[in-house]
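K.L.:
Sequence plus the predicted model coming up.
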Amino acid sequence: MKLVNTGVVYASGKHRGLKSCTFPSICVSPSGQWLCAFRAAPSKAGLAGQKILVTHSADEGHTWSEPTVPFHPINIGGKNGHLRFAALTALADRTIAAVSSWVDDSDPSLPYFNPDTEGLLDTRVFLSRSTDDGATWSQPAMVDTAPFLVPTPITGPLLRLQNGDLACQFEINKPYRDPSLWRHSSVLLFSRDGGRSWPEHAIASNDPTNRIFYWDQRPAVLSDGQILDVFWTYDNQKSVYLNMHARVSSDHGRNWSDLWDTHVPGQPAPPVDLPDGRLGLVYVDRTAAPAIKMRTSKDGGRNWPESSELILHVAPISNQTTDKGGMNDAWDEMSRFSLGLPATARTPDGDVLVVFYSGPGSDETSIRWVRVTA
């Protein structure tokens, strides 16, 4: 693996009040354009002023268009809310799908995560499409996530399954003031009609003991049709992060293998197929000064040798992890991260395109990209 190019999608503070840029997503359209969506806001933790920006590059990242704001506040049942995160998928022709998380911000004084109950503000899934390479977008429509009528933050883009289905990915949280125990699960919701209906689902991760949280799932459809899902793994009893875990589905996400330990610490991006048959895994390593790294696997993701490691980006900051006494500390720690959430895509010639956020502080982060060749 070799890092061949790097650059900035959008610089922190380029526009007044938008210094915190996070949650990037990337896709390469059939026409060859690179499209990137990300959240821009005055601060990372605050809900006020947040918006989704979309930009594109027609010259492989050398220049990027002036971002547009295609999605506007949406009222649900009398509650105003903004889209917090949008993830992009290139479909047929010039069609791009954007699945997004809507968050109720009708009371801007409330934090997204309730430290008293571990609940979330109302969070819904919306879907929009562009048929002109991201130039214009349809009005976002809410996805029916039944039977999960609780906050459902998305964890990444729609998946195009080899059998023609689409899969929508999200996590299960609980209502903001619900005092009951939060039982976490990762879910895939399936559509056989191009996203018009979503009648079927499968649980991609859940620990019946509620000790291990396999959160931030990062599934990817491999060239053989299997889905490899990699998880940021947290021990809720000891309040520590474990190595990333993974599992695979051979029937389009309906059933899953046992989970295995990847022996790699960190928070993953979706894995990618490489032209020579290996798999690539991009991830954030926070065991020391935080860095974006990449490893490869020759055995379908069972092992990711340290000898294959390539450093993609090191932030100019010190270690941002601390000892944690519980879930509240974990959420506080996440709010302080100023490097993270890599997302991946493949270029037509088989290179790996990675986007992530990085900066000197949590409220001053830019969206950056790197390109890696096998």
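P.N.:
Looks like it arrived, so ask away.
K.L.:
Mind listing what's buried along the helix or strand bottoming out on mean pLDDT in the chain?
P.N.:
Every helix and strand of the chain was ranked by mean pLDDT, DSSP states H and E. The lowest is helix 327-336, at a mean of 85. Of all the residues in helix 327-336, those buried under the rule 16 or more other CB atoms under 10 Å are 327, 330-331, 333. Every residue, glycine included, has its C-beta placed from N, CA and C.
K.L.:
swap in stretch 227-234?
P.N.:
227-234.
K.L.:
thinking again about what came up before, by contact count, what packs against the least confident helix or strand of the chain?
P.N.:
Of the remaining helices and strands, none touches helix 327-336 by 3 or more CB pairs under 8 Å, 6 or more residues apart in numbering; DSSP states H and E.
K.L.:
How far off centre is that helix?
P.N.:
18 Å (CA atoms, centre = their mean, to the nearest Å).
K.L.:
Now do that helix: everything it contacts.
P.N.:
Helix 327-336 has contacts (CB atoms under 8 Å, 6 or more residues apart in numbering) with 44-45, 113, 115, 118, 182, 234, 236, 239, 320-322, 324, 362.
K.L.:
Now secondary structure, pLDDT and distance to Val4 too, for those, in JSON lines please.
P.N.:
Shown next, in JSON lines, are these (DSSP: H, G, I helix; E, B strand; the rest coil; pLDDT from 0 to 100; distance: CB to CB, whole Å):
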{"residue": "Lys44", "secondary structure": "coil", "pLDDT": "89", "distance to Val4": "30"}
{"residue": "Ala45", "secondary structure": "coil", "pLDDT": "85", "distance to Val4": "35"}
{"residue": "Phe113", "secondary structure": "strand", "pLDDT": "93", "distance to Val4": "39"}
{"residue": "Pro115", "secondary structure": "coil", "pLDDT": "93", "distance to Val4": "44"}
{"residue": "Glu118", "secondary structure": "coil", "pLDDT": "94", "distance to Val4": "43"}
{"residue": "Trp182", "secondary structure": "coil", "pLDDT": "93", "distance to Val4": "43"}
{"residue": "Tyr234", "secondary structure": "strand", "pLDDT": "95", "distance to Val4": "34"}
{"residue": "Asn236", "secondary structure": "coil", "pLDDT": "93", "distance to Val4": "40"}
{"residue": "Ser239", "secondary structure": "coil", "pLDDT": "93", "distance to Val4": "40"}
{"residue": "Gln320", "secondary structure": "coil", "pLDDT": "76", "distance to Val4": "28"}
{"residue": "Thr321", "secondary structure": "coil", "pLDDT": "78", "distance to Val4": "30"}
{"residue": "Thr322", "secondary structure": "coil", "pLDDT": "78", "distance to Val4": "36"}
{"residue": "Lys324", "secondary structure": "coil", "pLDDT": "79", "distance to Val4": "38"}
{"residue": "Ser362", "secondary structure": "coil", "pLDDT": "87", "distance to Val4": "30"}
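K.L.:
now, which of those sits nearest Gly156?
P.N.:
Tyr234 (17.8 Å; CB to CB).
K.L.:
In the stretch 51-200 of the chain, where is pLDDT below threshold?
P.N.:
Of all residues in the stretch 51-200 of the chain, none has pLDDT under 70.
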